[in-house]
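Trainee: would you be able to build a 3D model of this:
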Amino acid sequence: MAGITRRGVLIGGGVGVGLIAAWGLWPRDYAPTLVAGPGAHAFGAWLTIGNDGRITVAVPQAEYGQGSWTGLAQIVADELGADWRTVGVEPAPLNPLYGNPLGLNDLLEGMPAILPADVRSGVGAWPAPMLTAASSSIRMFEEPTRAAAAAARAVLCMAAAARWDAAWTDCATAAGFVTHAGKRLRFGELAAEAAGLSPPDPLPIGVGGAGKLMGQSLPRLDAPAKVDGSLNYAADVRLPDMVHAAIRQGPPGDTRVVSIDRAASTRVRGMIAVVERPGWVATVAITGWTAQRALDALAPRFATKGPVIDDAAIDAALAAALDAKGQRIASVGDVEAAFRGGRPVSATYRAQAAVHAAIETPAAVASFDDGRLQLWLQTEAPAVARAAVAAATELSEQAVTVHPMALGGSFGFGLEHEAGIQAAQIAIEVKRPVSLVWSRGESLLHDRYRPPALARMEARLGANGAILGWRAALATPATGRALAERLLPGPGVATALRIDPADRYAAGGMTLPYRVPACAIDHHAIETALPTGHLRGGAHGYGCFFTECFLDELAHVAQSEPVSYRIGMLGGEPRLARCLSTAASLGGWEGGVSGSGQGIAAHAFRGSYIAVMAEARGGADGRPVVERLVAAVDCGRVVNPDLVRQQIEGGLIFGLAQALGAATGFTRGLADVRGFDTLWLPRLADTPDITVELIRSDEAPGGVSELAVPPVAPAVANAVQAATGVRLRALPLL
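Mentor: Next up is the predicted model:
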């Protein structure tokens, strides 16, 4: 189908997706590599139709509970006029046309990557990576998937019209049939003929049967397999002659293995081999349990050069950074003038390092044979994973095949690929397929944590309580820069591109949606060996906490009701104002007065808007008890309302965990939490009453998966202040 495959509109990343300038310079015309199975026919890069009428949608996004498999397939089915019962999904092949520049740009908060001159001339250009991040699945891929489905619908109508001697434009589609004047033919009957036709230009998007499934709460495609246990994750993969590995890694930093008890390990029945690398050691055995027993007997010891990571060292680094010169992230007006001659209101906030704690620990299966490596891997960035594994094993990328698996949560840890690299190195050394599964302790001790942060907030109020000036200084590691260097695709890209030194990722959530005449936000980077990375919500998890709590403090100083205080500054954000008024109305807002136990917070994120009202009280153990959460959400046009509600409800609970305990301190280079028994996570009994209201909107779809996470902590903190009179300024709220 040359007519379909060469259409620029089918290429991942069409017009109007807000690409950063660098990505816009890359070539966007790539040949599709989607392969149709026996009895099926490929229609461009996004779907196949079988002779039996089954429709399979190629989805480049990882599925880890957010519903991207269902949402993108629903868009295709809607535009195609398909019967939902005949629709399935499969992972898209690794191909630059599925690149996600919008996701990369939003994940990194728009930190510009400036292409070198030779790339501007067209030499050595790089595509954006395939990436599941930044709540971008629908925002990035609705346009190309809808266009692909419209093209397939058109050629199906052409094939049917030829049989009926009718005009194809008079044909329509419905429930998997092409129809015209009382006649109808199944898609499967027409697929072979239609696949050889070229679609019209322009494509007939939104006509002839399209639109009947949009906005419906269709059942999730991944749910049945998850319910009956048939959905395979990386740790479920079994290969002939496969062995199992258990791993222990040293503390973060320049760490080396200094001693092991190899003799004791070999006495464990079923033990096969010991594999050592700088910083880690693994045992290989016939079962995973045997490998873990052998690892315990091995009793590895590590030595780390340089400063040891602990709470005292982290706190000292954060405090010192605030006194040093920072990078200006954003500014409005004359801040220095706004603070002259007045006494500012100030407060200091902090956040502990937060953990991913996904139900599935890092895992990978690797098989090396005849110079080729295959990996079954939990990954949100398969091409990046392939490049990282190839570099670590000194293989070419063409010699590495990555099979992306579903993920059991991830929450951003799937952007990292240490387990895949380790499994590959072990498989190459033992010359057998290997399954590597990190223990729960390893996953918490060697997480890539949402970084610790310290913020100094200042504001100058006018006589009427209005904010005249706002100043925020944030000390935290430059996580965004490090993340960009790990995610940029292709050899040498990280060094060839110049990343903006102002780490806007690290300061996510600090930029105000409110109108303030003078505002300045500075990031003060700290150097640390603590491994940091992306956690669901990113830096917005602490940035929104700092800003919305401090704003609440200012409302109290100004003797103003917190909701009206916020709405009064939202002249440029009517959608956020509506979320605030809706959440307050639904929640029975009493003004946040003393003794009410009510708090509210709002946030704008990834093109969506949310306000959360919380009801909370002090707990007997010092941890707040949250009794109710009410969320009002404006995320634009909705593909599947149930998916949105699931993500908002899940995000509220995830935000509750971040607010009350999904964090860790550090002692002698290691995290203090080692398992779920030492990590506070909300149980069913801890889950508050939850109300979610979706505000109808015809705006373009915004991001949803991370939206509800950031405002929970400040809403709860503000509620605790209203209940007890105590202002909590640290995460977790203890």
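
Trainee: and the spatially most central residue of the chain, what are its phi and psi?
Mentor: Nearest to the mean C-alpha position of the chain, counting by Cα atoms, centre = their mean, stands Ala133 at 3.6 Å. Ala133 adopts backbone torsions of phi -170, psi 160, taken as degrees, to the nearest 10.

Trainee: what's around the nearest residue to Val345 once chain neighbours are set aside, how many residues?
Mentor: Using Cβ to Cβ, 6 or more residues apart in numbering and skipping the chain neighbours, the partner closest in space to Val345 is Ala459 (5.1 Å). Placement of C-beta: from N, CA and C, glycine included. Look at Ala459: counted by other Cβ atoms under 10 Å, it has 24 neighbours.

Trainee: Ala459 in helix, strand or coil?
Mentor: Of the three states, Ala459 takes strand according to DSSP: H, G, I helix; E, B strand; the rest coil.

Trainee: before we move on, what about Leu375?
Mentor: Under three-state DSSP, the three-state class of Leu375 is strand.

Trainee: what pLDDT is listed against it?
Mentor: We have a pLDDT of 98 for Leu375.

Trainee: that one against Val402, yeah?
Mentor: Yes. Between Leu375 and Val402 there is a contact under Cβ atoms under 8 Å: 5.0 Å.

Trainee: shared neighbours of those two, anything?
Mentor: 385-386, 389, 420 (Cβ atoms under 8 Å, 6 or more residues apart in numbering).

Trainee: quick one: the residue of the chain most remote from its centre and Ala159, what's the gap?
Mentor: Relative to the centre of the chain, the most outlying C-alpha is that of Asp165, 49.9 Å out, by Cα atoms, centre = their mean. Between Asp165 and Ala159 the computed distance is 13 Å (Cβ to Cβ, to the nearest Å).

Trainee: cool, and Val284?
Mentor: Taken as Cβ to Cβ, the span from Val284 to Ala159 is 55 Å.

Trainee: list phi and psi for the closest residue to Arg146 other than its chain neighbours.
Mentor: Using Cβ to Cβ, 6+ apart and skipping the chain neighbours, the partner closest in space to Arg146 is Glu79 (4.7 Å). The phi and psi values for Glu79, taken as degrees, to the nearest 10, are phi -70, psi -30.

Trainee: can you count the residues close to Glu79?
Mentor: Residues lying near Glu79 (other Cβ under 10 Å) number 31.

Trainee: just the pLDDT at it, thanks.
Mentor: On the pLDDT scale, Glu79 gets 97.

Trainee: surely it touches Pro144?
Mentor: No. Using Cβ under 8 Å, Glu79 makes no contact with Pro144, being 11.2 Å away.

Trainee: residue boundaries of the helices in the stretch 401-550 of the chain?
Mentor: 418-430, 440-445, 479-487, 493-496, 540-557 (DSSP state H, counting those that start in this stretch).

Trainee: residues contacting the third one, please?
Mentor: Where contact means Cβ under 8 Å, 6+ apart, the residues beyond helix 479-487 that reach it are 104, 107-109, 111, 113, 129, 131, 381, 384, 388, 415-416, 450-451, 494, 499, 501, 503-506, 532-534, 539.
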